[in-house]
Structure formats: structure tokens, C-alpha cells
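1. This is the structure alone, sequence omitted:
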């Protein structure tokens, strides 16, 4: 393992540890005392980031995740008035359908992923604002019964562990890496790349649709800003975790966990220290650029698919 690979593996973990200690020192250890509250922000990001991780592994991008979360949250709220399991299923199906739409235009119409998902993002953001024009979309009062740390941690751990096993020990992960490293070579190797790409977008949408349930149980309703900026949070989290923008063979599943925690700690620490939103964005932008510079694979970097 050369020095660059060692740096890629160690820097995110070291960064998480250092930033956590620094923010605790500057906030008189308030972050430790409020750890459950800090981690409560990580569940939705980590689950959604898992789906986007698969997309980025094969060299694509998805900027529609925030809008998918917003629409799926509205579906969960509406269906929760009839039945909670139905609401969860409705959120998953809503996310999967939107992911399928992204996948269709990306795979069948040959439109680059970032263009397709940016269009979807703006379209769905308009729908969300229309549906919440008069008032937030409220869910069933029974939703608050599911707002427990045990449930949210359990769900997140199960999803992440399942994704880890599938990615690490099945052909699914190998195929995604192969597509990210070189799609033409993957085709010649017998991989049905179009089917894989479509499946991954559906899967990513479904996972964010499931995350919508966790998102809703916190407040029991959805406003016009529901899911706003989630796509940015996911992208920053994955890059902070060491995810190469170009995907391919150098991706590591740990990018999801380390990156999500690193982003949440960074964001929460800056908030606790009283920084303004503008200053927080500036600091996050500088950190993001540093990590992109370190983790970009310049030998295989290409236009995003």
C-alpha cells in the first residue's frame, strides 16, 4: 500500500477523531453530553448516503435525494393516517418510483446523471412547495410513538450492515466498481451495465424513501423545506469519508459511516460554537475542497456519467 492509499484510509478517521476532540474542548464538552441529539441528525443522512454511495461507486451522481426525501415524507404522512406499515411501504415505493424515473432517463435516454437528477430535484421541489402551500402536511399522531433512539439506531444499523454484506460479499459490489473503473471494459466482461445502473437508482430512491419515515417521526409533519439540502449533505459526507468522486475500485464502504459521522460532528460543532450560517458554509466549503483535492483519483478522473 503506497502513501496515497494510506492517507486515503487514515485521514477521514483521524479527521473525525480530531474534530470531535476540538469541538468538545471549545464547547466545554457539550457535544459529549448532547451526543444522542447530535447523532439524531445522522440517521437520515447515513441511510440515504448508502444508496448514493452505490451510485457514486459506478461513477454517477444524484442531486435529487433531498426532493425524494421531501415527497416520500409527504407520502408517509398521508398514509400514516390509515396504517403505519402502509405508510412505510408507501415511502419506499415513492422513492423507488422516482429513482426509476431517474434511472430511465439516465439509462434509456442517455442523459448524464447529474443533469437528470438536477431536473428531478427542481421539479419535485416545486411539487413539495405546492402540496405544502397552505399548511404543512401532517401525519398521524401515532408517528411520535416511533421516535425512539433504539428504533432509529436499530433500523440504521440493519440497513447499513445489509448494504455492507451485499457490497462486500456479492457480485453486486464488484460490478459497481467495475462500471466505475471503466464501463466499456465492464460490458466486455459480460456485465449488464444498463440493468445495473437502473437498479441502483431504484435502490437509492427506495432507501431514501425508507429514510423518510425516520425523518417524519421527529416532527410528525412536512413543510415546504422538507428534505432541503440533503443531496448536498450526502455529497459532502461521502467526500469527507474519503469517497473518490469518480468512483471505481478505490471506494471503501467505510466512506459512508466515517463520512456521515464526520459531517454531522462538523456541522453540530460549528452550530454549538455559534457560527453564522454563512461562516459555517464557508468553513464546510474549505474542508470539502481539501478532501476533494486529497481523494480525487486524477489517473481515472473523467466527466461524470
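-> Structure's in. What do you need? This is a predicted model, so every value here is computed, not measured.
2. distance of the residue lying closest to residue 139 once chain neighbours are set aside from residue 93?
-> Nearest residue to residue 139, sequence neighbours excluded (Cβ to Cβ, 6 or more residues apart in numbering): residue 77, at 3.5 Å. From N, CA and C alone the C-beta is placed, and that goes for glycine too. With distances taken as Cβ to Cβ, to the nearest Å, residue 77 is found 15 Å from residue 93.
3. between those two, who's got more neighbours?
-> Ranked by neighbour count (other Cβ atoms under 10 Å), residue 77 and residue 93 place residue 77 first, with 25 against 16.
4. pLDDT (mean, whole number) over the helix or strand hosting that one?
-> Counting by DSSP states H and E, the element that carries residue 77 is helix 65-80. Averaging pLDDT along helix 65-80 yields 97.
5. What score does residue 171 have for pLDDT?
-> Value for residue 171, per-residue pLDDT: 94.
6. wait, I meant residue 10
-> For residue 10, pLDDT reads 80.
7. ok, now residue 299?
-> 57.
8. now the strands: where do they sit in the stretch 1-150 of the chain?
-> Along the stretch 1-150 of the chain, counting by DSSP state E, counting those that start in this stretch, strands occupy 137-138.
9. Output the below-cut-off pLDDT ranges for it.
-> 1-8 (pLDDT under 70).
10. at 90 what do you get?
-> Residues of the stretch 1-150 of the chain meeting the criterion pLDDT under 90: 1-20, 22-24, 26-41, 134-135, 144-145.
11. could you pull out the helices for it?
-> 3-26, 30-33, 35-39, 42-57, 65-80, 84-107, 113-131, 149-169 (DSSP state H, counting those that start in this stretch).
12. Out of the ones you listed, which is closest to residue 264?
-> helix 42-57 (4.6 Å; Cβ to Cβ).
13. gap between that closest one and the chain center?
-> 3 Å (Cα atoms, centre = their mean, to the nearest Å).
14. Stretch 159-170 now?
-> Using Cα atoms, centre = their mean, the offset of stretch 159-170 from its chain centre is 16 Å.
15. And for stretch 274-292?
-> 19 Å.
16. Flag every buried residue along that stretch.
-> Neighbour-count burial for stretch 274-292 flags 280, 284, 287, 288, 291 (criterion: 16 or more other Cβ atoms under 10 Å).
17. From residue 260, how far off is the nearest residue to residue 67 once chain neighbours are set aside?
-> Nearest residue to residue 67, sequence neighbours excluded (Cβ to Cβ, 6+ apart): residue 124, at 3.5 Å. Per Cβ to Cβ, residue 124 is found 23 Å from residue 260.
18. Quick one: residues contacting residue 287.
-> Counting by Cβ atoms under 8 Å, 6 or more residues apart in numbering, residue 287 makes contact with 240, 266.
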